[in-house]
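K.L.:
Sharing a sequence plus its predicted fold:
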Amino acid sequence: MGITKKITFGPAPVAKKDESRVTAFDRKVYEACSRVPKGKVTTYKEIAKEVGSPHAHRAVGSSLRRNPYAPVVPCHRVVSASGVLAGFHGSTDPRGEMLLKKRRMLIEEGVKFDFKGGIDLTKPQDELDTSKARVNAACMFEFASKF
């Protein structure tokens, strides 16, 4: 699943949060995350390895929670090692509005979910059978629209 091409990390056109709190580690995380292509996902663990801190997957999550460059740095493309959506804007409720937003963003980019609502990270996205997942995704959209 690794991270593909290297791009130069620069400042986002519009920062939503205070950039003075962005650490050197955060910058490495944002740079790595910015290389995850649209329609693909990676894990917190893979980002940690990419930035040279293979055991710092929780620190990666903390950096992404503070991401002032979203959506230029697409933190929604980072998922847990099990393929389950975990954390988005500080929310961890699997049926919460923020994780539903993350799911919606990934589906719009072409990411496919299995029938349990997770992402099978062992297979390339184009090999997944998503016939049941589409029904599940439609139900999730219906659920989200009631908020």
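P.N.:
Great, that's in hand.
K.L.:
what ranges do the helices span in this protein?
P.N.:
Ranges of helices within the chain are 24-34, 44-50, 57-65, 97-108, 131-145, based on DSSP state H.
K.L.:
quick one: Ala32 from Leu100, how far?
P.N.:
Using Cβ to Cβ, to the nearest Å, Ala32 is found at 26 Å from Leu100. For glycine as for every other residue, the C-beta is placed from the backbone atoms N, C-alpha and C.
K.L.:
Sorry, wrong one. I was asking about Ala24.
P.N.:
Using Cβ to Cβ, Ala24 is found at 33 Å from Leu100.
K.L.:
The two: who's more crowded?
P.N.:
Taking other Cβ atoms under 10 Å, Ala24 and Leu100 do not tie; Leu100 has more neighbours (21 against 8).
K.L.:
separation between the more buried one and Glu109?
P.N.:
With Cβ to Cβ as the criterion, Leu100 and Glu109 are 15 Å apart.
K.L.:
Then Asp26?
P.N.:
According to Cβ to Cβ, Asp26 stands 24 Å off from Glu109.
K.L.:
Thr23 - how many residues pack around it?
P.N.:
Number of residues near Thr23 (other Cβ under 10 Å) recorded here: 11.
K.L.:
Quick check: Tyr44 touching Ser62?
P.N.:
No. Counting by Cβ atoms under 8 Å, Tyr44 stays clear of Ser62, with 9.8 Å between them.
K.L.:
So which of these two has more stuff around it?
P.N.:
Comparing Tyr44 with Ser62 by neighbour count (other Cβ under 10 Å), the higher total belongs to Tyr44, at 23 against 15.
K.L.:
what's near enough to touch the more buried one?
P.N.:
For Tyr44, the contacting residues are His57, Arg58, Val60, Gly61, Leu64, Val78, Val79, Ser80, Ala81, Ala86, by Cβ atoms under 8 Å, 6 or more residues apart in numbering.
K.L.:
Separate out the buried members of these.
P.N.:
Among these, the ones that count as buried by 16 or more other Cβ atoms under 10 Å are His57, Val60, Gly61, Leu64, Val78, Val79, Ser80, Ala86.
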